[in-house]
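[1] Here you go, sequence then predicted model.
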Amino acid sequence: MENTENTKPLNFIEEIVEEDLRTGKNDNRIHTRFPPEPNGYLHIGHAKAICLSFGIAQKYKGKCNLRFDDTNPVTEDVEYVDSIREDIQWLGFNWEGEAHYASDYFEQLFAWAVMLIRKGKAYVDETSAEDISAERGVPTQPGKESMYRNRSVEENLDIFMQMKNGEFPDGTKVLRAKIDMTSPNMHMRDPVLYRIKHAHHHRTGDKWCIYPMYDWAHGQSDYIEGITHSLCTLEFEVHRPLYDWCLDQIADGSYRPRQIEFARLNLNYTVMSKRRLLQLVNEGYVSGWDDPRMPTICGLRRRGYTPESLRNFAEAVGIAKRENVIELTLLEHCLREHLNKIARRVMVVSNPVKVLIENYPDGKVEIMQAENNPEDENAGMRDLPFSREIYIERDDFMEDPPKKFFRLSPGNEVRLKNGYIIQCTGADKDPATGEIKQIRCTYDPTTRSGLEGANRKVKATIHWVSAHHAIDVEVRLYDRLFATPDPDVVEEGKDWKSNLNPASLTIIVAKAEPSLATAKPEEKYQFQRTGYFCVDKDSTASKLILNRTVTLKDDWAKIAGRG
Ligand code: ATP
Ligand code: MG
């Protein structure tokens, strides 16, 4: 993607921000936040939300907080807190000051709840969860008021204190806001503000056994932190009246955070909910949260994605008000655009067959020079040893080729990338199976770079490695995790996991040029003619592992006619 930041029309959120700056709202402060719940690893959808909230702050010289929305101790864990911090920084963003936690505000939220009770705007309900839900009714008909709705302030305060002091078991009582049981917005029908959960919290320990609900915690946390623009996904649109109602109870009028919703990122061939990703991990469909097939930020990173490519993708997708599904091929396109600029070119033969160059002296080695990256003039050159025996791809040879096959076949010539032109003189086969054991060729000594035949044209150039110098590397050929564009479309009686792609990982051992011997984890390479690859974090000096990030074929550019 080209960076068209200065010429691009504003998205609707930028328009709101600029209008607020024009009118001097909130003393011209721009302060956003990213509020992950630490109950899983961040995924590409979060990356989009991160780029948006941090991006707005950057663009308008404001601030962006990181706030862990840790109000549900049962599913939350420090493991997730740590990974979330790491992922945001890896993406290239820094939050303002220290990270915040909704749990830091438990005391204040409790005090505000007591104040609500005192004002007669909240009550303790002992109705069961099922009955609360039944009484709430349906949007087209008014709900039914709870029999506990009109308790006295004193009684409410008394029971709420007992709830806090751990005197009741889980699920027996809740604190509800007293709003409007006839509201067409179901969220306004006396929403639950607090529930009892005797659970250990990863930060507050056993101090609390009542925990605030999202709606009571979120806007209040925004207010405490001085957030001006609270950007979230569309499913919170229906919560907005409640967000505002909660703020009305506490805000002093001089400043107000504003919630603005945007469409979440959906990608085809991908599932994104943390619940499902957790299932893939727990049930062993993938090796972990950072499996290179996962749409998590750590998975994408291990796969070979770069922060730049993800940021460019977020920019390319833009901000919408309506749900939509983005093509995975667009993400891959943004990835290729960046990798093309930074990935060092190397030659690796995935499915090797030996070639004997009959007129090349036995034992002789020549060092060829190869360009590391034609897209980057500072990338320099590297040495490539050439000798009498080399490997090429089995697919690059046909004994009995069709008309349009220009690569190696008996009598035909090809150029070895960065090396000589060779001509095939025949092939040796296994008499029993007919498998090609070795191809025989001669080389033209005048065709090396710098000699008079260097520019002689032949119809194909193929990659190769010197057999004696090649190193064996493990290559993990990753493909899409799902075989179908919408994993939710399933045959009767099956679930979304039936759409997993059984061929999403194939492991091979390939022959690589010797320069790869010093490759380090996370380094990016282009295997010429094949694809982009990234050194896996589990690589060791004795066993190099490379993950296929993406093939070279750019379907998005092709379809969009931008290739
Ligand atoms: P999931 O639905 O995947 O489990 P979540 O919404 O529960 O995710 P949170 O940790 O609550 O995850 O999300 C933090 C922020 O990221 C929220 O503001 C949320 O709106 C945003 N977000 C989550 N998923 C997406 C997405 N697919 N696209 C854009 N933003 C997202
Ligand atoms: Mg959430």
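    Thanks, I have the structure now. Ligands and ions are numbered 1, 2, ... in the order given.
[2] from here on, contacts and neighbour counts on C-alpha atoms
    Noted.
[3] Residue 361: how many residues sit nearby?
    Neighbourhood size, residue 361 [other Cα atoms under 10 Å]: 10.
[4] Was I right to think it contacts residue 388?
    Yes. Residue 361 is within contact range of residue 388, at 6.6 Å (criterion: Cα atoms under 8 Å).
[5] Which stretches in the stretch 251-400 of the chain count as helices?
    274-282, 297-303, 307-317, 328-342 (DSSP state H, counting those that start in this stretch).
[6] for the chain, same thing?
    12-23, 44-59, 78-91, 106-118, 129-136, 153-164, 214-225, 240-250, 274-282, 297-303, 307-317, 328-342, 555-559 (DSSP state H).
[7] so which of those helices is the most packed in?
    helix 297-303 (a mean of 25; mean count of other Cα atoms under 10 Å).
[8] Which neighbouring elements make contact with it?
    Other helices and strands packing on helix 297-303, by 3 or more Cα pairs under 8 Å, 6 or more residues apart in numbering; DSSP states H and E, are strand 545-551.
[9] which residues sit against the strand it packs on?
    The contact list for strand 545-551, computed with Cα atoms under 8 Å, 6 or more residues apart in numbering, reads 292, 303-305, 332, 336, 473-478, 530-536, 538-539.
[10] Please apply the same query to stretch 454-468.
    Everything outside stretch 454-468 that qualifies as a contact, by Cα under 8 Å, 6+ apart, is 347-349, 354, 385-393, 396, 406-407, 413-417, 420, 446-449, 511-513, 528-529.
[11] Buried among those? Make that a ChimeraX selection.
    To isolate the buried members of the contacts of stretch 454-468 in ChimeraX, using 16 or more other Cα atoms under 10 Å:
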select :347,348,349,354,385,386,387,388,389,390,391,392,393,396,406,407,413,414,415,416,417,420,447,448,511,512,513,528,529
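[12] Which ones among the contacts of stretch 454-468 also lie next to ligand 1?
    Among the contacts of stretch 454-468, no residue is within reach of ligand 1 (Cα under 6 Å from any ligand atom).
[13] From ligand 1, how far off is the nearest residue to residue 369 once chain neighbours are set aside?
    Leaving aside its chain neighbours, residue 369 sits nearest to residue 383 (5.0 Å; criterion: Cα to Cα, 6 or more residues apart in numbering). Per Cα to the nearest ligand atom, to the nearest Å, residue 383 is found 45 Å from ligand 1.
[14] same check, this time on residue 398
    From residue 398 to ligand 1 the distance is 47 Å (Cα to the nearest ligand atom).
[15] I figured that residue hits residue 409, correct?
    Yes. Assessed by Cα under 8 Å, residue 398 is found in contact with residue 409 at 5.2 Å.
[16] These two: which is more packed in?
    The residue with more neighbours, out of residue 398 and residue 409, is residue 409; 22 against 16, by other Cα under 10 Å.
[17] who touches that one in this structure?
    Taking Cα under 8 Å, 6+ apart, one finds 397-401, 424, 426 in contact with residue 409.
[18] now the helices of the chain as CSV including mean pLDDT and distance to residue 545?
    CSV is the format used below for the helices of the chain (pLDDT from 0 to 100; distance: least, Cα to Cα, whole Å):
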stretch, mean pLDDT, distance to residue 545
helix 12-23, 97, 43
helix 44-59, 98, 24
helix 78-91, 96, 22
helix 106-118, 98, 47
helix 129-136, 96, 52
helix 153-164, 98, 54
helix 214-225, 98, 43
helix 240-250, 97, 49
helix 274-282, 96, 22
helix 297-303, 98, 12
helix 307-317, 97, 22
helix 328-342, 97, 19
helix 555-559, 80, 27
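[19] what would these look like in a markdown table with distance to ligand 1?
    Output for the helices of the chain, formatted as a markdown table (distance: least, Cα to the nearest ligand atom, whole Å):
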| stretch | distance to ligand 1 |
| --- | --- |
| helix 12-23 | 14 |
| helix 44-59 | 3 |
| helix 78-91 | 9 |
| helix 106-118 | 18 |
| helix 129-136 | 22 |
| helix 153-164 | 26 |
| helix 214-225 | 10 |
| helix 240-250 | 13 |
| helix 274-282 | 4 |
| helix 297-303 | 12 |
| helix 307-317 | 10 |
| helix 328-342 | 13 |
| helix 555-559 | 21 |
